[in-house]
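Enquirer: only the shape, not the letters, is given here:
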Ligand SMILES: Cc1cc2nc3c(=O)[nH]c(=O)nc-3n(C[C@H](O)[C@H](O)[C@H](O)COP(=O)(O)OP(=O)(O)OC[C@H]3O[C@@H](n4cnc5c(N)ncnc54)[C@H](O)[C@@H]3O)c2cc1C
Ligand SMILES: Nc1ncnc2c1ncn2[C@@H]1O[C@H](COP(=O)(O)O)[C@@H](O)[C@H]1O
């Protein structure tokens, strides 16, 4: 049987998270189909068709998919679910929004946030903020799965899939988008960055956050992240939050500055390849996961680090 | 307008859980249990809507073991008017909870279900969306702001790129994110008052819902531990190690 992967995109470009979900789907085994639902999304469909391993791209191009509301996405996926053994998408806020709806309408469980594929019906997923890994087996006819993107490599180029059009389902009319306030930044995206500079409450306020961390991020071509405390205090917008309930990241280098290392924060970054912690408290739990710990006042250490990077 | 708030009893967020020696589950004997933090935020929001004259009644619902009565009392101490416990010893998965909540919604006819975005034990992030699907209702997940007026909910949602605001017609399901509000502490008089509020205990069978788990847990294990690294002496030492040892810059 075939596997249906649902692409994440903004009608113009494919989001990298889809590439990781594709790799997970590939590990399950089966012909890979990708659903692209959007409005004026032909370029996205073309990009998907050239990815390695993709056999068929199914495109639903209609106004009601422009902002991918959960209600419209679920209706579309369910109408096209027949013949698939697995329905897979990345565990982004978008995937988390509509996939459980798909599962409920199909009367099956959802397997959230998988980090490993053991077989076509056995998967590993983190629970308790990643402090425990559960191996679960699904007995459902269709497996509805969201994928933790950091646990799988990105799929590469090299395919030439068939592109076919799908009939759109009538607008459910249940939800209307009023507006978006998206953070604009010239920096790499947090979940795809090679280096992340992340700041916590220790920075004191938003002004110091930016004054200290921007130059460091510039030097390292890094994305900026934050702890919940820093977001709650208004230093930076919500989409900077790393952790159990924010973004899950696994860069080559994660520099935690003025972050204590609560389990909810560690849940989002402990799979980073190299972790650096800068904190004035030698007992801060962040040092238990850091490869390199520097005990000191961040207001002195960070500018010195920027200078040392030349 | 009635608001239904599903509240889950979970291991307190400060507790670092341990896996049982035989790998069959997580050891929660003698561990501190609390209301799922997101559900506390959901209750708080419902209470604020009642204080603003928008909601008339708040019903807290919990599904699980007898101990969930405690969670319901906490919800009532924050301001829920009554509680419903759907009592069972069977391990409940999100689809089963959504079906139980659907049965309660059909009976109680709330205009709004305000739940948490995610339970911090199973980290599933499914139940609210599943309930909305089963009811055929719209949903607004990960809410950081909710305005109710004229039979509509205007909800600001925390999404990967920032924020988005949507408008949905009631009845609907809204799931609370961390920044929706800061829950109040229950005061002693309110804790006392909560003890006298009505709490119904029913069973999945009376709601005619099959709660058999769909996913079987084969084993649980602790992830590979990261070993603590070294403390570096100063900035120069750090830069040298990142360049020569870790080779990441
Ligand atoms: C349900 C739930 C979900 C949560 N989800 C998340 C999540 O997704 N992500 C997340 O991050 N948190 C999350 N949290 C919050 C988490 O528990 C912590 O409260 C939070 O991570 C703390 O942020 P912090 O480390 O910045 O602040 P603090 O714990 O206050 O730590 C600040 C650190 O800065 C250091 N410091 C202060 N001044 C200086 C200085 N001058 N120089 C150097 N160091 C200094 C201090 O020594 C301290 O270690 C969640 C909590 C709950 C209950
Ligand atoms: N057993 C339960 N009883 C009551 N509410 C629940 C239960 N399980 C989940 N919920 C609600 O659904 C939300 C999301 O849970 P989950 O889908 O398990 O992550 C929680 O924050 C609760 O509001």
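Expert: Received, thanks. Values in this document were obtained by computation on a predicted structure and should not be read as measured data. Numbers count the residues shown, from 1 in each chain, chains lettered A, B, ... in the order given. Ligands and ions are numbered 1, 2, ... in the order given.
Enquirer: looking at the stretch 51-200 of chain A, which residue is nearest ligand 1?
Expert: Minimum separation of the stretch 51-200 of chain A from ligand 1 (CB to the nearest ligand atom) falls at residue A:200, amounting to 2.4 Å. (Glycine included, C-beta is placed from N, CA and C.)
Enquirer: and the helices in chain B?
Expert: B:37-51, B:68-78, B:94-108, B:127-135, B:188-194, B:235-244 (DSSP state H).
Enquirer: which residues touch the third one?
Expert: So that's helix B:94-108. Under the contact criterion CB atoms under 8 Å, 6 or more residues apart in numbering or on different chains, helix B:94-108 has outside partners A:100, A:103-104, A:107-110, B:2, B:4, B:6, B:59, B:61, B:63, B:84, B:86, B:92, B:113, B:122, B:124, B:126-127, B:130-131, B:133-135, B:171, B:204, B:207-214.
Enquirer: ok, for the residue of the stretch 51-200 of chain A closest to ligand 1, nearest residue in space, not its chain neighbours?
Expert: Nearest residue to residue A:200 in three dimensions, chain neighbours excluded: residue A:259, at 3.4 Å (CB to CB, 6 or more residues apart in numbering or on different chains).
Enquirer: which element, helix or strand, includes that neighbour?
Expert: Following DSSP states H and E, there is no helix or strand that holds residue A:259.
Enquirer: residues touching it, list them.
Expert: Applying CB under 8 Å, 6+ apart, one finds that residue A:259 lies in contact with A:198, A:199, A:200, A:201, A:202, A:227, A:265, A:277, A:279, A:286.
Enquirer: dump those residues to JSON lines, plus pLDDT, neighbour count and secondary structure.
Expert: As requested, the contacts of residue A:259 are exported to JSON lines (pLDDT from 0 to 100; neighbours: other CB atoms under 10 Å in any protein chain shown; DSSP: H, G, I helix; E, B strand; the rest coil):
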{"residue": "A:198", "pLDDT": "98", "neighbour count": "29", "secondary structure": "strand"}
{"residue": "A:199", "pLDDT": "98", "neighbour count": "32", "secondary structure": "strand"}
{"residue": "A:200", "pLDDT": "98", "neighbour count": "28", "secondary structure": "coil"}
{"residue": "A:201", "pLDDT": "98", "neighbour count": "17", "secondary structure": "helix"}
{"residue": "A:202", "pLDDT": "98", "neighbour count": "23", "secondary structure": "helix"}
{"residue": "A:227", "pLDDT": "98", "neighbour count": "33", "secondary structure": "coil"}
{"residue": "A:265", "pLDDT": "98", "neighbour count": "28", "secondary structure": "helix"}
{"residue": "A:277", "pLDDT": "98", "neighbour count": "26", "secondary structure": "strand"}
{"residue": "A:279", "pLDDT": "98", "neighbour count": "26", "secondary structure": "strand"}
{"residue": "A:286", "pLDDT": "97", "neighbour count": "25", "secondary structure": "helix"}
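Enquirer: farthest pair within these?
Expert: By the measure CB to CB, A:201 and A:277 form the most distant pair in these, at 14.2 Å.
Enquirer: which strand runs longest in chain B?
Expert: Secondary structure of chain B per DSSP state E: the longest strand is strand B:139-149.
Enquirer: give me the distance from it to the chain's centre.
Expert: Chain-centre distance of strand B:139-149: 15 Å, with CA atoms, centre = their mean, to the nearest Å.
Enquirer: ditto for stretch A:112-127
Expert: Offset of stretch A:112-127 from its chain centre (CA atoms, centre = their mean): 16 Å.
Enquirer: buried residues, that stretch. List them.
Expert: In terms of neighbour count (16 or more other CB atoms under 10 Å in any protein chain shown), stretch A:112-127 has its buried residues at A:112, A:113, A:114, A:115, A:117, A:120, A:121, A:123, A:124, A:125, A:126, A:127.
Enquirer: any idea which residue of chain B lies closest to ligand 2?
Expert: The nearest approach of chain B to ligand 2 comes at residue B:116, 2.3 Å away (CB to the nearest ligand atom).
Enquirer: if you could redo that for chain A, that was the one I meant.
Expert: Relative to ligand 2, the nearest point of chain A is residue A:100 (7.4 Å; CB to the nearest ligand atom).
Enquirer: correct me, but that residue touches residue B:125?
Expert: Yes. Shown here, residue A:100 and residue B:125 form a contact pair, counting by CB atoms under 8 Å, at 7.3 Å.
Enquirer: got the contact list for the residue nearest to residue A:193 when sequence neighbours are not counted?
Expert: Spatial nearest neighbour of residue A:193, chain neighbours left out: residue A:223 (3.5 Å); criterion: CB to CB, 6+ apart. Taking CB under 8 Å, 6+ apart, we find residue A:223 in contact with A:187, A:188, A:189, A:190, A:192, A:193, A:195, A:196, A:197, A:217, A:251.
Enquirer: what's across from residue A:223 in the sheet?
Expert: Beta-bridge pairing for residue A:223 (DSSP bridges): residue A:196.
Enquirer: near the residue of chain B found nearest ligand 1, how many other residues are there?
Expert: Using CB to the nearest ligand atom, residue B:37 is the residue of chain B that sits closest to ligand 1, at 3.8 Å. By other CB atoms under 10 Å in any protein chain shown, the residues close to residue B:37 number 20.
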